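Colleague: Structure, please.
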Amino acid sequence: MPYEKDKQRELFLRQSRVRGMMLGLALGDTVGGARGGLPAGGPLRAGVSTQLACFTAEGVIRAQVRGNHKGICYAPGVVLHAYCRWAHLQGIERERMQRRWNEYGTSVWPDGWLAGVPALAERRGSAPATVAALSRIEKGGEERRATSSRGCHALTRSLPVAVAGQGGISQAGALAAITHGDPAAQAATVHASVLTHHCLTHPLPEGTTPYNLSARSGESVRKALHAGLTALPAMSRPLGDDEHGRLATAFRHAVDEPVDAGRLARLAPDATAPSALLGGLYTAAAFPDRAAFRAALEFAAGAPDGESVACVTGALLGAVHGVEALPLDLVSRHELAWVLDTLARDLVLEFDDSPSGSEYIEGWDPCWWNRYPGW
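Modeller: Purely as a prediction, here's the structure:
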């Protein structure tokens, strides 16, 4: 029995932290988009980073399903397919998308449950590099789709890959490269996935549950981020001294001189992936306490591009603190809260238990393949 209780506690904490990461990302995107001035009532609208992150999470699950059943899978290709489903829902190059993925019209496409969510078909901001690259897709072609952009969406949409651990981190740059050709955007995406992974997995104090984190949670945030920074050279593509130095300096300033709006503006001056990473790292380390989650998002929203900085901030803090730390009044109003929560739970379930089984083992959920077809 003690062993079973330990396993249940471990699963509960893992689910809580993945849910916190996904919903924290979304709340940051929304608060940042409103520049901190949220409406007093009514639903909170998702941003485009949140929409794309939903399809990243779904694509990661479907890639894992394909690997289990086929024995081989190139995950970025499956995630590209996910982004094309988003584009089709958005009304972007629908005929081109149909030719690429359902040329003969012999099946229902777009497939999977996520394609049936109405809010994902609503235009919620601009993602020009992503749209431009997806608009070039052709069946069977190896054409160069990616633009030269280093925009923030390469990073913000890719944060869910951190749940896949080392496998996800190794693919993070390729996910960014689907649409963003700039090396700095790709590198920042990899580095963000490393930091998010450490926030999801860093050991919490002995006896911790999501309901008793108390004041020690602030120490956990900074320890997780420091561990991620220390691991960066070994877990990602080679870092230049300047690049690693900028990240380490941002962290040090957050600890020594926190909550400096001028410094945040200098660290994150624009809507690029490197800015989103530096600004999100600085803000998360500057507001490490569990009770300061809302204040962290509001501060991040004041950056020149508040959406991307608050998005990264929310993901990092939610990954350490767990979903229970998120403001209930905001989560309950978010239009994609159920969708994000379901995707987070299903991410954990797929990697821990493979509900659809595998090529040789029958699954226990007969509906899983229809929810997450492996292609």
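Colleague: For the nearest residue to residue 299 once chain neighbours are set aside, the count of nearby residues, please.
Modeller: Excluding the flanking residues, the one nearest residue 299 by Cβ to Cβ, 6 or more residues apart in numbering is residue 283, at 5.9 Å. Every C-beta, even on glycine, is put in place using the N, C-alpha and C of the backbone. Look at residue 283: counted by other Cβ atoms under 10 Å, it has 32 neighbours.
Colleague: do the same with residue 153
Modeller: Neighbours of residue 153 (other Cβ under 10 Å): 30.
Colleague: Repeat that for residue 36.
Modeller: 16.
Colleague: Then residue 151?
Modeller: For residue 151, using other Cβ under 10 Å, the count is 26.
Colleague: Show the pLDDT at the residue nearest to residue 299.
Modeller: With respect to pLDDT, residue 283 scores 98.
Colleague: which stretches of the stretch 101-250 of the chain form helices?
Modeller: 128-134, 153-156, 166-177, 183-201, 217-235, 241-256 (DSSP state H, counting those that start in this stretch).
Colleague: Show me what the third one is packed against.
Modeller: Packing contacts for helix 166-177, counted by 3 or more Cβ pairs under 8 Å, 6 or more residues apart in numbering; DSSP states H and E, involve helix 75-89, helix 153-156, helix 183-201.
Colleague: Return the most buried member of those helices.
Modeller: The highest mean neighbour count among these, using mean count of other Cβ atoms under 10 Å, belongs to helix 153-156: a mean of 32.
Colleague: List the neighbours of that helix that are in contact with it.
Modeller: Defining contact as Cβ atoms under 8 Å, 6 or more residues apart in numbering, one finds that helix 153-156 is touched by 25, 29, 48-49, 52-53, 127, 129-130, 175-176, 179-180, 185-186, 188-189, 192, 273, 276-277, 308, 311-312.
Colleague: can you do 6 Å?
Modeller: 49, 127, 130, 176, 180, 185, 188-189, 192, 273, 276, 308, 311 (Cβ atoms under 6 Å, 6 or more residues apart in numbering).
Colleague: Return the member of those nearest to residue 88.
Modeller: The closest of the contacts of helix 153-156 to residue 88 turns out to be residue 130 (Cβ to Cβ; 13.5 Å).
Colleague: Not counting sequence-adjacent ones, nearest residue to the closest one?
Modeller: Nearest non-adjacent residue to residue 130 (Cβ to Cβ, 6+ apart): residue 179, at 4.7 Å.
Colleague: Pretty sure that neighbour sits against residue 135.
Modeller: No - with contact defined as Cβ atoms under 6 Å, residue 179 does not count as touching residue 135 (10.2 Å).
Colleague: Compare these two (neighbour count), which wins?
Modeller: residue 179 (27 against 13).
Colleague: Identify the residues contacting the more buried one.
Modeller: Taking Cβ under 6 Å, 6+ apart, one finds 129, 130, 133, 146 in contact with residue 179.
Colleague: Apart from its chain neighbours, what residue comes closest to the third one?
Modeller: I take that to be residue 133. Nearest to residue 133 is residue 179, by Cβ to Cβ, 6+ apart, at 3.7 Å.
Colleague: quick one: that neighbour and residue 273, what's the gap?
Modeller: Distance, residue 179 to residue 273, using Cβ to Cβ, to the nearest Å: 12 Å.
Colleague: Residue 285 now?
Modeller: Applying Cβ to Cβ to residue 285 and residue 273 gives a distance of 19 Å.
Colleague: Compare these two and say which is more crowded by neighbours.
Modeller: Taking neighbours as other Cβ under 10 Å, residue 285 and residue 273 compare with residue 273 leading, 29 against 26.
Colleague: residue ranges with poor pLDDT in this structure?
Modeller: Scanning the chain for pLDDT under 70 picks out the ranges 1-3, 139-143, 206-217, 236-241.
Colleague: show me the biggest helix of it in terms of residues.
Modeller: helix 2-33 (DSSP state H).
Colleague: could you say what helices and strands that helix packs with?
Modeller: Contact here means 3 or more Cβ pairs under 6 Å, 6 or more residues apart in numbering; DSSP states H and E; on that basis helix 2-33 packs against helix 48-70, helix 306-321, helix 337-353.
Colleague: From the contact counts, what lies against the shortest one?
Modeller: Contacting helix 306-321 under the criterion 3+ Cβ pairs under 6 Å, 6+ apart are the following elements: helix 2-33, helix 183-201, helix 217-235, helix 273-286, helix 293-300.
Colleague: Now do that helix against helix 183-201, angle only.
Modeller: Angle of helix 306-321 versus helix 183-201, following axes from the mean of the first three to the mean of the last three Cα atoms, to 10 degrees, is 30 degrees.
Colleague: ok, residue 27 - contacts?
Modeller: 314, 330 are the contacts of residue 27 under Cβ under 6 Å, 6+ apart.
Colleague: And it, how far from residue 277?
Modeller: For residue 27, the distance to residue 277 - Cβ to Cβ - is 18 Å.
Colleague: which ones are touching the residue most central in space within the chain?
Modeller: Centroid check for the chain by Cα atoms, centre = their mean gives residue 159 as the closest residue, at 2.6 Å. With contacts defined as Cβ under 6 Å, 6+ apart, residue 159 is in contact with 25, 196, 315.
Colleague: run the last query once more with 7 Å
Modeller: 25, 53, 192, 196, 315 (Cβ atoms under 7 Å, 6 or more residues apart in numbering).
Colleague: quick one, phi/psi of the residue nearest to the second one when sequence neighbours are not counted?
Modeller: Going back to what we said before, that points to residue 53. Among residues not flanking residue 53 along the chain, residue 157 sits closest, at 5.0 Å (Cβ to Cβ, 6+ apart). Here is the backbone geometry of residue 157 (degrees, to the nearest 10): phi -70, psi -20.
Colleague: Neighbours of the closest residue in space to residue 126 that isn't next to it in sequence, how many?
Modeller: The spatially closest residue to residue 126, leaving aside those adjacent along the chain, is residue 48, at 6.9 Å (Cβ to Cβ, 6+ apart). Each residue near residue 48 was counted by other Cβ under 10 Å, and the total is 23.
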